[in-house]
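Asker: Give me the fold of what follows.
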Amino acid sequence: MRSKLSRKLLDKPYLVWAILFIIVPLIMVLYYALTDSTGAFTFKYIEVIPDYTSTILLSVLYGVFATVICLALGYPLAYFISKTKLSTQSTMVLLIMLPMWMNFLIRTYSLMTILGDTGIINTFLVSIGLEPAKLLNTGGAVMLGMVYNFLPFMVLPIYSVISKMDNSLIEAAQDLGSNRLQVFKRVVLPLSLPGVLSGVTMVFVPCVSTFYITQKLGGGQIVLIGDVIETQFQSANNYNLGASLSFVLMVLMLVCLGIMNYLGADNDNEGGVII
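Answerer: The predicted structure is shown next:
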């Protein structure tokens, strides 16, 4: 009887946490999105959302491009790591995780010093007699910041799935006459799909909603939906509009997660998307 009671109580701390820090904030966002400054019910701030359609689409576009780049870089790296010996795998995973131990703001500032007019790259260009390039405050700098900061979130889930893959399946495919490309296409890629979907979600969601990267590396030239929301809350003190835009962003994220979960529904859940 006591053990049953203990098992029932195990999830209660998380339940309290979820209510206080997930459910309640979502309710507050919805409340501010559907009221005005006096607290009266209104759709005024929902109706102005179409005015920010171009900003939302631009945010999605940047998120998609950053996710594709992370996938193109992360999948081969994760596959390569999984095929090395265990001691090498531990070292390489540690090197990938090492930047994540550093504060997000510091990592972004480090890119500013590298890409700046007097940064390492431009200093090298000048030293060999070339003109300095405009690297900072550009879309490319923002994209680089997204890839640099979120690439580990693509590599680790894929590596986790591939490293636990049953090698006997690969050997069986080879015994049946499949070449390396066929083995990868018919065995490795389908079995690694849960990790890919998890990595895509973990990269796309923060890329779409980021604002600090665009502020520091874009210099105000690139404005994404996260920047607009941050401005409404911090500078304009328009919590209602900020909440309505946040609500739209949350719906967008839920749609993305729903699609990822649907695509990964028939695959092994290990390393898959969690919503």
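Asker: Mind listing what's buried along stretch 23-35?
Answerer: V29, Y32, A33, L34, T35 (16 or more other CB atoms under 10 Å). Heads up, the C-betas are built off the backbone N, CA and C, glycines and all.
Asker: correction: stretch 209-216
Answerer: Buried, per 16+ other CB under 10 Å, within stretch 209-216: S209, T210, F211, I213, T214, Q215, K216.
Asker: And for the residue nearest to the second one when sequence neighbours are not counted, the neighbour number?
Answerer: Nearest in space to T210, with sequence neighbours left out and distances taken as CB to CB, 6 or more residues apart in numbering, is G226 at 5.2 Å. The number of residues packed near G226 is 23, by other CB atoms under 10 Å.
Asker: Does G226 touch C207 like I think?
Answerer: No: taking contacts as CB atoms under 8 Å, G226 lies outside contact range of C207: 9.5 Å.
Asker: Look up how far F65 lies from the most centrally placed residue in the chain.
Answerer: The chain has V203 as the residue nearest its centroid, 2.1 Å off, counting by CA atoms, centre = their mean. Per CB to CB, to the nearest Å, V203 is found 11 Å from F65.
Asker: Ok, I27 next?
Answerer: Taken as CB to CB, the span from I27 to F65 is 34 Å.
Asker: and what of V228?
Answerer: Separation of V228 from F65 (CB to CB): 20 Å.
Asker: and if you look at Y239?
Answerer: Distance from Y239 to F65, by CB to CB: 31 Å.
Asker: Those two: who's more crowded?
Answerer: With neighbours defined as other CB under 10 Å, Y239 and F65 compare such that Y239 has more, 18 against 15.
Asker: quick one, phi/psi of that one?
Answerer: Main-chain torsions, Y239, degrees, to the nearest 10: phi -60, psi -30.
Asker: Who are the contact partners of it?
Answerer: Y239 makes contact with Y32, Q232, F233 under the criterion CB atoms under 8 Å, 6 or more residues apart in numbering.
Asker: Recalculate using a threshold of 10 Å.
Answerer: Shown in contact with Y239 (CB atoms under 10 Å, 6 or more residues apart in numbering): M28, V29, Y32, A33, T35, S37, Y45, Q232, F233, S246.
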